[in-house]
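Visitor: have a look; sequence and predicted model below, questions after that.
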Amino acid sequence: MRILIVEDEETIADIITTKLRAEKYVVDTSYDGEDGLYKANSNIYDLIILDIMLPKINGLEILKEIKENDINAKVILLTAKSELDDKLKGFDTGADDYVTKPFHMEELIARVNVQLRNKGKNKMKDILEYSDLTLNIRTSTLTCKRTNESINIPYREFLLLEYFMHNKEQIISKEQIYDKVWGIDTDYESNNLEAYLSFLRKKIKIIGSKVKIKAVRNLGYKMEE
Ligand code: CA
């Protein structure tokens, strides 16, 4: 699950980022409204934490525009106590929730979890399943049900595997994988997708699973039995 934080107070943005990464979310950060809107419009995020008072373009304008563009991310607004009117405007323009500054980090995390749990029935389950594989999202442990063998999956491979398991038996393009796993600011050339896939395939094989991640010529990759 990928989250965008748009917040010009860098200290706050960085603390939120650290906390959410500890919760196993993939997090990108924008420190101004223009960059925030650009990233939000990529439509790769499951949730956006959006400050209202921002340089260049304010949070409510961003919210209005992404709703017009049918961006399907959940949006949590960050508002100062003095911006109660803004809060109401936020709901008019389609925010899903708001958190008033100053806030406890635990409260924000709880609200993020609630929004993402609501977003899709399967998406926030602790266990993802496909064929003979189960992936525990909390512990990053991959288990083969037939052999009962487990292996721990490192961060980047975990993100890859999670993405494949959410899109099982579908062809996923390299671009989609890069956007989702590395983020849209990425220099594609610098990432060795093939190498990560090969590490991941080996781990799947080691625990005795029948699942394969196949290359589909000119189109991308597909997870299948
Ligand atoms: Ca601000």
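Guide: Good, I have the coordinates.

Visitor: residues near E169, how many?
Guide: 11 (other C-beta atoms under 10 Å). C-betas here are computed from N, CA, C, even on glycine.

Visitor: for it, which non-adjacent residue is closest in space?
Guide: Distance criterion C-beta to C-beta, 6 or more residues apart in numbering; nearest residue to E169, sequence neighbours excluded, is E224 at 5.4 Å.

Visitor: and the one you found, what are its bridge partners?
Guide: K212 (DSSP bridges).

Visitor: was I right to think it contacts I171?
Guide: No. Assessed by C-beta atoms under 8 Å, E224 is found out of contact with I171, at 10.1 Å.

Visitor: what sits against the closest residue to T141 other than its chain neighbours?
Guide: Nearest non-adjacent residue to T141, counting by C-beta to C-beta, 6+ apart: S150, 5.3 Å away. Residues in contact with S150 (C-beta atoms under 8 Å, 6 or more residues apart in numbering) are 141-144, 207.

Visitor: tell me the pLDDT of the nearest residue to L47 once chain neighbours are set aside.
Guide: Leaving aside its chain neighbours, L47 sits nearest to K74 (4.5 Å; criterion: C-beta to C-beta, 6+ apart). Here the pLDDT value assigned to K74 is 94.

Visitor: and the residue nearest to T141, that one's in a strand?
Guide: Yes. Secondary structure assignment (DSSP: H, G, I helix; E, B strand; the rest coil) places S150 inside a strand.

Visitor: now it: how far from the ion?
Guide: Counting by C-beta to the ion, to the nearest Å, the gap from S150 to the ion is 44 Å.

Visitor: and K214, how many residues sit next to it?
Guide: Counted with other C-beta under 10 Å, K214 comes out at 12.

Visitor: ok, now N152?
Guide: 12.

Visitor: that one contacts L135, doesn't it?
Guide: No. Contact criterion C-beta under 8 Å: N152 and L135 do not qualify, at 11.0 Å.

Visitor: mutual contacts of these two, please.
Guide: 141-142.

Visitor: Y45 reaches R2, doesn't it?
Guide: Yes. Using C-beta under 8 Å, Y45 is in contact with R2, at 5.2 Å.

Visitor: look up the closest residue to L219, ignoring the ones flanking it.
Guide: L219 sits nearest to I171 (C-beta to C-beta, 6+ apart), 5.1 Å away.

Visitor: show me what that neighbour bridges to in the sheet.
Guide: Going by DSSP bridges, I171 forms beta bridges with K222.
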